[in-house]
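*Asks:* Provided below are the primary sequence and the corresponding predicted coordinates.
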Amino acid sequence: MLNRRFILILLSVVAFGSFTATGQTYKAGIVAFYNLENLFDTIDTPDVRDTEFTPDGSNKWTGERYWDKISKMADVISDIGVDEGIGAPAVVGLCELENKAVIEDLINDPKLKPFNYQIVHYDSPDERGIDVCLIYQPRYFQVTNSKSYPLIIYKDESDDRLYTRDQLMVSGIFDGEPMHFIVNHWPSRYGGEARSRHLRNEAAKLSRSIIDSIQTIDKKAKVILMGDLNDDPINESVAMHLSAVGKVNKMKKGDLYNTMYSHYKNGIGTLAYRDKWNLFDQIIVTPSLVSKDKKTYTFKSAHIYNKKKLLVPDGRYKGYPYRTYVSRTSYRGGYSDHFPVYIILLKEI
């Protein structure tokens, strides 16, 4: 694995720039994921539970607060990868956003406008009206196909369907190489982890079936699954039903590689609840992205973007993610209750 010091010293490039080390030239790119924590517009949409995010709602969600959050989200995305000298991500998966319009506002923010991000988005049937989407820089990634897969599951083994987020699959050419991205926001732990476990297990099965269908056509397909899975890397949804493991040398036939596993084992998380850190935000890849073929893009390192500005500065929750709201309706003007995650892909040229 390319260590951080090596990157900081030798990698002074923009996204997909090149650098030379010990006589070998490399190209690098970043893939990221970010839970935006309730990026709603201020409009009350019929048949959607978004009233709280309106000026007259319980959150007093005004235009001023909305545009401040847009600016903060854009600031974070534009800064991912800067410390490594790579620049803004080529591809970013996003979740907890209300509609395509809020993403258009996001990518048109002055901090992101220069990157010319484009959007892949479908409306999900989620009861709160929140979706997932993918944004990408077209000079590095060209979309060839996309599809939204509905997650059809039922609450408590009843006939009462849970209307939740679809899973987004986007295929294309990543700097000359075929690559597939799956963006997720699995069902929450509302009602308790054990009671809601079967919902995330079903979500994992759907994700796995999407990957399997891609690999049926191309067994060496490069697939990157990312999202807020509402489970940790060791939970059965991820470890058993998705079959994602945390050590390359422990992978068996059919396994995926969880790039965030080592962070979790080291006690580093992406969100905190009741004095406990979880790592729900994960990026998981197929074996072809951890192969020994360095002439194509392979995984080199995984990171959690948790800079100081994203942390609560003081008080009981010092060091926690700096949220937009706490206790549901108490406005704090922070960023998100999740930290973004990202991976670096590298290849020899």
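*Replies:* Received it, and whenever you're ready, just let me know what you need.

*Asks:* residues in contact with stretch 236-253?
*Replies:* With contact meaning CB atoms under 8 Å, 6 or more residues apart in numbering, stretch 236-253 is reached by 186, 197, 200-201, 203-205, 207-208, 225, 229, 231-233, 254-258, 261-262, 264-265, 282, 284, 287, 290. Quick note: C-beta positions are derived from backbone N, CA and C, even for glycine.

*Asks:* Given the top strand by length along the chain, what are its sheet partners and their directions?
*Replies:* In the chain, taking DSSP state E as the definition, the longest strand is strand 24-39. In the sheet containing strand 24-39, its partner strands are strand 18-21 (antiparallel), strand 91-97 (parallel), strand 341-348 (antiparallel), by DSSP bridges.

*Asks:* any idea what the residue lying closest to Tyr122 once chain neighbours are set aside is structurally, helix, strand or coil?
*Replies:* Of all residues not flanking Tyr122 in the chain, Ser148 sits nearest, at 3.7 Å (CB to CB, 6 or more residues apart in numbering). Judged by DSSP: H, G, I helix; E, B strand; the rest coil, the three-state class of Ser148 is strand.

*Asks:* in the stretch 1-150 of the chain, which spans are helices?
*Replies:* For the stretch 1-150 of the chain, helices defined by DSSP state H, counting those that start in this stretch occupy the ranges 4-10, 63-79, 100-107.

*Asks:* Please apply the same query to the stretch 201-349 of the chain.
*Replies:* Secondary structure of the stretch 201-349 of the chain (DSSP H, counting those that start in this stretch): helices located at 236, 261-265.

*Asks:* between these, which one is nearest to Thr144?
*Replies:* helix 261-265 (30.4 Å; CB to CB).

*Asks:* Next one: Lys205 relative to Ile224, how far apart?
*Replies:* 19 Å (CB to CB, to the nearest Å).

*Asks:* More neighbours: which of these two?
*Replies:* For Lys205 versus Ile224, the count of surrounding residues by other CB atoms under 10 Å is larger for Ile224: 24 against 15.

*Asks:* Using JSON lines, please lay out the strands paired with strand 24-39 together with distance to Leu311 and mean neighbour count.
*Replies:* Output for those, formatted as JSON lines (distance: least, CB to CB, whole Å; neighbours: other CB atoms under 10 Å):
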{"stretch": "strand 18-21", "distance to Leu311": "31", "mean neighbour count": "13"}
{"stretch": "strand 91-97", "distance to Leu311": "19", "mean neighbour count": "27"}
{"stretch": "strand 341-348", "distance to Leu311": "16", "mean neighbour count": "22"}
